[in-house]
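Novice: only the shape, not the letters, is given here:
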C-alpha cells in the first residue's frame, strides 16, 4: 500500500489549540468531534458484538486518548464509538483530562455493536440545561443522536449541540445509505427548529464527505466547516490511500465560526509497515476535527 500524502498535516501540527474566552464581540468556544474507534471496556457483554481489549491495551488507549483530547482543549467535544458511561469515567480520570473540569453526557442506544455517541464538556465554562437521546432511524438499529443544550456565560442565546454518528456502509450499502438519508433529514428538521432561538452546532461522524449528495440535499441549510479542508485533499479518515472527511462540524449560516481543522500531533499516525501514514488504530482510526465558534 502506498504511503499517504501527509504534507498538509505538517502545517496543521505546527500550531496549538485555539484560545477561548470572553471577547468584546462575545464568547468563543472550541468545539470538536472525534471518533475514538471502539472505546470498549474489558468486559464481554452478552448480546453485543463488542470487542474486548486486554487490560494493557485498554490502559494505553485510554491514556493516549486522554492526552490527545487534553492537548486539543475543547470546550465541548462529540465522541463516537463509546461503549458506556464507565469508559467515559475512566477517560475523564486519565492523564490529560483528570482535574480539567470535564463532565460527560451519554445514553445507551440500540446499536448492534454496542457503540454510542457521547459529549464531553467543560462544566466551568458551560452549564448543561437539558439533554436527551433522539431515535432517528425507524428500521435500522443504529446510534441515537444526542442533543444537549447549554447556557454559556456572556452569550444571550443558548448553545444546542447535536452529537451524530450516521450508519457506515457495513451491514448492507443500500440499506445503510437509506438510513443515513432518513437520519440526516430528521436531524435537519430537529436542528432547524432549535435554530430560531439558539446557536446550533452539528458534530460527529457523518460517514459522508462535505461534498456528498447527502450533505447537499439533506443538510443544505447548514454550513459544513470542513469543506475547505476537504477540498484541499485533507481528511480525518483514510481508506484505500485516500483521505476522507467523514468527521464534520456544521453550523447555521449566520453563526460566526472558523474553518474546521484536523488535529494532529506526533504519534497519532502509524510510522511503519503496510499502513504507514494512516491514523494509528491503537489510538483511533480517525483523527479529530475542531473549530472555534463565536457566541454573541
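Specialist: Sure thing, it's come through. Computed from a predicted structure; not experimentally measured.

Novice: just the pLDDT for residue 8.
Specialist: Looking at residue 8, its pLDDT stands at 43.

Novice: kindly report the same for the one 10 residues further on.
Specialist: Among the per-residue scores, residue 18 shows a pLDDT of 44.

Novice: likewise residue 249?
Specialist: If you check residue 249, the pLDDT there is 98.

Novice: host element of residue 62?
Specialist: Counting by DSSP states H and E, the element that carries residue 62 is helix 55-72.

Novice: how about that helix: buried residues?
Specialist: 58, 61-70, 72 (16 or more other C-beta atoms under 10 Å). All C-beta atoms are positioned from the backbone trio N, CA, C, and that covers glycine.

Novice: stretch 264-282 now?
Specialist: Residues of stretch 264-282 classed as buried: 264, 268-270, 275, 277-280 (neighbour count, 16+ other C-beta under 10 Å).

Novice: most widely separated two among the residues you listed?
Specialist: Greatest spacing in these, by C-beta to C-beta: 264 and 275 (15.8 Å).

Novice: still on that earlier bit, so what touches the helix holding residue 62?
Specialist: 17, 30, 32, 34, 36, 39-42, 53, 77, 87, 90-92, 94-98, 100, 120, 263, 265, 267-268, 282-284, 288, 290 (C-beta atoms under 8 Å, 6 or more residues apart in numbering).

Novice: for stretch 97-112, same thing?
Specialist: Residues outside stretch 97-112 that contact it (C-beta under 8 Å, 6+ apart) are 48-49, 66, 69-70, 82, 84-85, 88-89, 91-92, 116-124, 128, 131-133, 141-144, 146, 148, 171.

Novice: need the distance between the two termini of stretch 133-141.
Specialist: 14 Å (C-alpha to C-alpha, to the nearest Å).

Novice: where does the protein dip in pLDDT?
Specialist: 1-24, 47-50, 137-138, 170-172 (pLDDT under 70).

Novice: let's see that with 80 instead.
Specialist: 1-25, 45-51, 137-140, 169-174 (pLDDT under 80).

Novice: and the longest helix for it?
Specialist: The helix that spans the most residues within the chain, counting by DSSP state H, is helix 173-195.

Novice: can you give me the buried ones in it?
Specialist: 176-177, 179-180, 182-184, 186-188, 190-191, 194-195.

Novice: contacting residues around the next helix or strand after that helix?
Specialist: Once helix 173-195 ends, the next helix or strand along the chain (criterion: DSSP H and E) is strand 199-205. The contact list for strand 199-205 (C-beta under 8 Å, 6+ apart) reads 31-33, 35, 77-78, 80, 117, 155, 157-166, 187, 191, 194, 219, 222, 246-252, 255, 286, 293, 295.

Novice: ok, strand 199-205: who's next to it in the sheet?
Specialist: strand 159-165 (parallel), strand 247-252 (antiparallel) (DSSP bridges).

Novice: now those as a markdown table including distance to residue 25 and mean neighbour count?
Specialist: Below are the strands paired with strand 199-205 laid out as a markdown table (distance: least, C-beta to C-beta, whole Å; neighbours: other C-beta atoms under 10 Å):
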| stretch | distance to residue 25 | mean neighbour count |
| --- | --- | --- |
| strand 159-165 | 16 | 26 |
| strand 247-252 | 16 | 25 |
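
Novice: can you put those strands in CSV and add distance to residue 201?
Specialist: Below are the strands paired with strand 199-205 laid out as CSV (distance: least, C-beta to C-beta, whole Å):
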stretch, distance to residue 201
strand 159-165, 5
strand 247-252, 6
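
Novice: which among these is found nearest to residue 231?
Specialist: strand 247-252 (13.2 Å).

Novice: can you give me the angle that closest one makes with helix 173-195?
Specialist: On the basis of axes from the mean of the first three to the mean of the last three C-alpha atoms, to 10 degrees, strand 247-252 is oriented at 40 degrees to helix 173-195.

Novice: ok, now how distant is residue 140 from residue 151?
Specialist: Applying C-beta to C-beta, to the nearest Å, the value for residue 140 to residue 151 is 34 Å.

Novice: compare the two (neighbour count), which wins?
Specialist: In terms of neighbours (other C-beta atoms under 10 Å), residue 140 is the more surrounded of residue 140 and residue 151; the figures are 19 against 13.
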